[in-house]
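Asker: Here is a sequence together with a model predicted from it:
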Amino acid sequence: MIDVVFLLLVFFMLASRFGADAVLTLPLAAGGGEYTGPPRLVDIGINNVLLNGVAVPEDGLAAQLDAMMQSSADTVILRGQEGTSIQRVIDITEILRQAGLTSLVLVE
Amino acid sequence: MDLSDPPRKPRTESIVPMINVVFLLLIFFLMTSQITTPDPFEIDTPIASQDQEATADPVLYVDASGRLHFDGAEDDAAITALSSVSDTVETLMVNAAANLSASILAATLARLTQVGFATVELVVAAP
């Protein structure tokens, strides 16, 4: 019986996974009609970031966006350019999240 | 006259405490664990320093070439399978490869919107 219990113990130790996965929440562009204020389109290139088509430094992006928002819950639209990986998008997302912008929508 | 000590019985390891401990561990693992489902393909998760805990249950896997996998179904079949899930849950966990192109992910998200999801949770790893 002890053998069996040991076997079960080892099985559960090996086959189990602890805790929940870490995630970043992305709202989807569903529903629509909630967008207010001036356009806030962030184009993410491999080495550059464009805000409404104008190149901005990454560390100045949040400050410039801030001037265009009525509240920090306003939607900001992110668009990956050709060749941009998810990792790059997540890096920019983190910069914006640090500035308190949480409603970031990724579009084509 | 034999005055030497009577031969001692070799002391056996008491086994009951050990069983207690093993049972305790067993119960601990039974209660706390979720059985890992193996990933359908190798995915290197993107790195992010800030994260939240996952709340969603269904997981959609997307590999670096944009291949979708959900619950045994691939690509279009995966989207069909997801549309039946989206009646009950609004949040989907997406496990996408770090070097997947952002436009492919955006296209996938657009399809998820169409089948009725409101939010996705992108799985990330701590740096």
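Answerer: Cool, the structure landed.
Asker: For the rest of this, base every contact and every neighbour count on C-alpha atoms.
Answerer: Noted.
Asker: Report how many residues lie close to residue 89.
Answerer: As the question left the chain open, I've gone with chain A. 23 (other CA atoms under 10 Å in any protein chain shown).
Asker: try again with chain B
Answerer: 15.
Asker: which stretches of the chain form strands?
Answerer: Reading this off chain A. A:16-17, A:22-27, A:41-44, A:49-51, A:54-56, A:76-80, A:104-107 (DSSP state E).
Asker: Switch to chain B, please.
Answerer: Secondary structure of chain B by DSSP E: the strands cover B:34-35, B:52-53, B:59-62, B:68-70, B:73-74, B:91-96, B:119-124.
Asker: shouldn't B:V115 be in contact with B:S83?
Answerer: Yes. Under the criterion of CA atoms under 8 Å, B:V115 makes contact with B:S83 at 4.9 Å.
Asker: Quick check: pLDDT value at B:L60.
Answerer: On the pLDDT scale, B:L60 is placed at 86.
Asker: roughly how far apart are it and chain A?
Answerer: Using CA to the nearest CA, to the nearest Å, B:L60 is found at 13 Å from chain A.
Asker: Then B:E13?
Answerer: Distance from B:E13 to chain A, by CA to the nearest CA: 14 Å.
Asker: Likewise for B:F29?
Answerer: As judged by CA to the nearest CA, B:F29 and chain A stand 6 Å apart.
Asker: Contact residues of chain A facing chain B?
Answerer: Applying CA under 8 Å from any CA of the partner chain, we find that chain A lies next to chain B at A:2, A:5-6, A:8-9, A:12-13, A:15-18, A:20-30, A:79-87, A:89-91, A:94, A:106-108.
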